[in-house]
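A.B. asks: dropping a prediction and its sequence here:
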Amino acid sequence: MVDRLPLHRFAEFLPLGDADMRAIRALGEPPVDYPRHGVLRREGEAPRHIYLLLSGWVGASVLLPGGERQIVKIHLPGDLLGTSSMCLARAADTLNALTPVSVSRIPLGAFGALFASSPRFAASMFLSVQRERVALMDRLAAVGRTSAIARVAALLLDLDERLRAAGLAGDDGFEMPVTQEQIGDHLGLTAVHVNRVFRQLVDGALIARNRQRIELLDLARLRSVSARQVRATTQDPGWLLGNGAA
C-alpha cells in the first residue's frame, strides 16, 4: 500500500513502532475508488473484509422495518469501516459512499494475524472500539433527549474534532460535503428541520456557511448549545499491556 495512508487512528492511544506501522501499511489491498452513492458492502452480506477509508466520507446505515434509513455513523478518512460486523455471520449495516471515496480492503484473516503478532496494535484497536462505543452512547443520548439545534451543534463539533485529527480542518473551518437529508438521516430530523437549524446557527453567529464550507465562529457558545460531553482520552495505558500500572 502507498504511504499516503491516513493512519492517525491506529496510534490514538498507544505509540506504535516502525515494525507495527510497516505491518499496518501492508495490511490492505490496492485502493479502490467508489463514486458518490456507491455501495461498498450491503447489510446482510457475509463480512469478509473491513475497509480503511483513504479519502471521502462514508455513511454506515441500517434499514428500518418501515423502509426508512438511519445513518448510524458518518465515517471520515482514517476510519476503519465494517468492524462492528466482524462478530456477525451477516453484516449489520450498509456502507454507502456519501462522496466519491477511496478505500483499501483488509481481509479479516490479515487483520487477525496482526492482532496475534502485535499486542500493541491489538491493544490500540481495543481502546479505539471502546471510544466508538462511548461516541455511540453520547449520540444516542443526544438524539433521544436533546433539541434539534443541540444535535446539529454536537455533530459539527464532532466533525471538526475528527477532521482536525486527520489534517482536514483548521481555523478556517472544514468542508462538509453531505446533504441536509443525510444529516437528518443521521440525527433523526427532517431535511427541512436541518435547514432551519443551520439558519439559526448562522443568524446567531455561531457558524458561517459558504456552500459546503463550515466555519465554527464561537466554539464556547456552540459547546454550550450542544450540551456535548467533553471526553478526555487516556494515553499509553500501561495496564492494558500488563505493565502493572493502576
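C.D. replies: That came in fine, so what should we check first?

A.B. asks: what's the spacing between the closest residue to Gly17 other than its chain neighbours and Leu14?
C.D. replies: Counting by Cβ to Cβ, 6 or more residues apart in numbering, Gly17 lies nearest to Arg120, which is 7.3 Å off, once chain neighbours are set aside. Using the backbone N, CA and C atoms, a C-beta is placed for each residue, glycine as well. Using Cβ to Cβ, to the nearest Å, we find Arg120 at a distance of 5 Å from Leu14.

A.B. asks: who's more crowded, these two?
C.D. replies: Leu14 (24 against 19; other Cβ atoms under 10 Å).

A.B. asks: isn't Arg231 right next to Val134, touching?
C.D. replies: Yes. Between Arg231 and Val134 there is a contact under Cβ atoms under 8 Å: 6.3 Å.

A.B. asks: of the two, who's got more company?
C.D. replies: When Arg231 and Val134 are compared on other Cβ under 10 Å, the one with more neighbours turns out to be Val134, at 12 against 9.

A.B. asks: how much space separates that one from Val101?
C.D. replies: 26 Å.

A.B. asks: again with Ala110
C.D. replies: Ala110 is 21 Å from Val101, where distance means Cβ to Cβ.

A.B. asks: neighbour count winner among the two?
C.D. replies: Set Ala110 next to Val101 and count neighbours by other Cβ under 10 Å: Val101 wins out with 26 against 16.

A.B. asks: the nearest residue to the more buried one once chain neighbours are set aside: neighbour count?
C.D. replies: Spatial nearest neighbour of Val101, excluding adjacent residues (Cβ to Cβ, 6+ apart): Gly56 at 3.1 Å. Number of residues near Gly56 (other Cβ under 10 Å) recorded here: 21.

A.B. asks: contacting residues for Gly56?
C.D. replies: 34, 77, 97-102 (Cβ atoms under 8 Å, 6 or more residues apart in numbering).

A.B. asks: if you set the cut-off to 7 Å instead, what comes out?
C.D. replies: Neighbour list for Gly56: 97, 99-102 [criterion: Cβ atoms under 7 Å, 6 or more residues apart in numbering].

A.B. asks: of these, buried ones?
C.D. replies: Taking 16 or more other Cβ atoms under 10 Å as the criterion, what is buried in the contacts of Gly56 is 97, 99, 101-102.
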